[in-house]
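In: this is a predicted model, with the sequence first.
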Amino acid sequence: MKVVIIGGGWAGCAAAISAKKAGADVYLYERTDLLLGVGNVGGIMRNNGRYTAAEELINMGAGEFISIMDSIAIHKNINFSGHKHAWLCDVSKAEPLVREFLIDSGINITFKSRATGVQKVSDKIKNIQFADKSIVEADAFIETTGSTGSMDNCTKYGNGCAMCVLRCPTFGMRVSLSSKAGIKDIQGEREGGVPGAISGSCELPRECLSEEILNDLDTKGVVLLPVPKEDINMNKLGQKVCQQYALKEYAENVILLDTGHIKLMTSYYPLEKLRKIKGLEKARYIDPYSGGIGNSVRYLVATPRNNFMQVLGIDNMFCAGEKSGFFVGHTEGRCYKQQLLD
């Protein structure tokens, strides 16, 4: 059986491994030049119930990616607001290791290849069309294209396009293939009925922080810095993707994590206010580049599907990641796709 996977985030990579284990000839197509998608700015693993999920995956024989992330863990058993026993991993090392593992597993990967449409015959997908006019046929298709969409969505529903790690303008916009096949997407909404939710964090380069903060991060993995009272903004907590980041501690403090780069646990924070905080006087953003005023939108749409991840109304299309439901986290992206083995 030939299986084609569209999207090389964590869910797409997990789908590729699952299909390969099931004996399929697997082809993965990724819009950009990197695997893992937003996983390139993740790094929080094994926190809360995800510790159990990780151990279950390992014991079920599906722990390859858990092992990769464990191998690059910088800090283990870290506790901070909304998180217990978290492992913080160096995300700058993750993508090359995952890429090497997929290639060594015999999975065919094509980068800079953006899917733009489908041809459907009766209740089956016949082929996928790409921006370069190429056409790919297969027995089964797995859509893991995410839900962000174009930078217009980030401008309309978020806090403005901020040139995030997804790099929409550079590699083209996301396309919902299930929608192209005539299946109506389910729209995600945050508080107040606004579509989508703002992604949860920003990245700072290590060299812009004070030596004292860096020493604390190297030792503890996490640093909490109180926000001046006049700069506390409780209103933006309702925009968050995940409710564990909507706690008041995330408005009252700047929370920094060591994940290779420094993870700032807020969706955006005005640069002039950030630099008022001791030790952050030289702070700047590296993802998103405009993190002082904006951040990308996620969880805009999901695809109707059954519990086998099969898209309702299409016999040979499955979905994973954000397209399969409004799940949060890299562990979830891997777990749900393991059902392909069934």
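Out: The structure has been received and is ready for your questions.

In: what are the phi and psi values at the residue nearest to residue 189 when sequence neighbours are not counted?
Out: Excluding its sequence neighbours, the residue lying closest to residue 189 (Cβ to Cβ, 6 or more residues apart in numbering) is residue 195, at 5.9 Å. Placement of C-beta: from N, CA and C, glycine included. For residue 195, the backbone dihedrals are phi -60, psi 140 (criterion: degrees, to the nearest 10).

In: name the next helix or strand following the helix or strand residue 119 falls within along the chain.
Out: Assigned by DSSP states H and E, residue 119 belongs to strand 115-121. Going down the chain from strand 115-121, the next helix or strand is strand 124-130, by DSSP H and E.

In: now do the next helix or strand after that following strand, average pLDDT.
Out: Later in the chain than strand 124-130, the nearest helix or strand by DSSP H and E is strand 135-137. Strand 135-137 carries an average pLDDT of 98.

In: I'd like the next helix or strand past strand 135-137.
Out: strand 140-143.

In: residues near residue 150, how many?
Out: Residues within reach of residue 150, counting by other Cβ atoms under 10 Å, total 15.

In: list the contacts of it.
Out: Neighbouring residues of residue 150 by Cβ atoms under 8 Å, 6 or more residues apart in numbering: 168, 173, 174.

In: residue 192 too?
Out: Going by Cβ under 8 Å, 6+ apart, the list of residues near residue 192 reads residue 238.

In: kindly report the same for residue 148.
Out: So residue 148 contacts 154, 166, 168, 174, 296, 297, 298, 300 (Cβ under 8 Å, 6+ apart).

In: also residue 201?
Out: 41, 245, 263, 264, 265, 266, 267.

In: what's the farthest-apart pair in these?
Out: The largest separation in those, counting by Cβ to Cβ, is between 41 and 245 at 14.2 Å.

In: what are the ranges of the helices in the stretch 201-342 of the chain?
Out: Along the stretch 201-342 of the chain, counting by DSSP state H, counting those that start in this stretch, helices occupy 211-220, 249-252, 271-274, 330-335.

In: which one of these lies nearest to residue 232?
Out: Here helix 249-252 is closest among the helices of the stretch 201-342 of the chain (Cβ to Cβ), at 5.4 Å.

In: hey, what's the closest residue to residue 261 other than its chain neighbours bridged with?
Out: The spatial neighbour of residue 261 that comes closest, neighbours along the chain excluded (Cβ to Cβ, 6+ apart), is residue 203 at 4.6 Å. With DSSP bridges applied, residue 203 shows beta-bridge pairing to residue 263, residue 287.

In: contact partners for residue 203?
Out: 41, 261, 262, 263, 264, 285, 286, 287, 291.

In: please apply the same query to residue 119.
Out: 125, 126, 127, 129, 135.

In: got a winner among those residues for most neighbours?
Out: Going by other Cβ under 10 Å, residue 125 tops the contacts of residue 119 with 25 neighbours.
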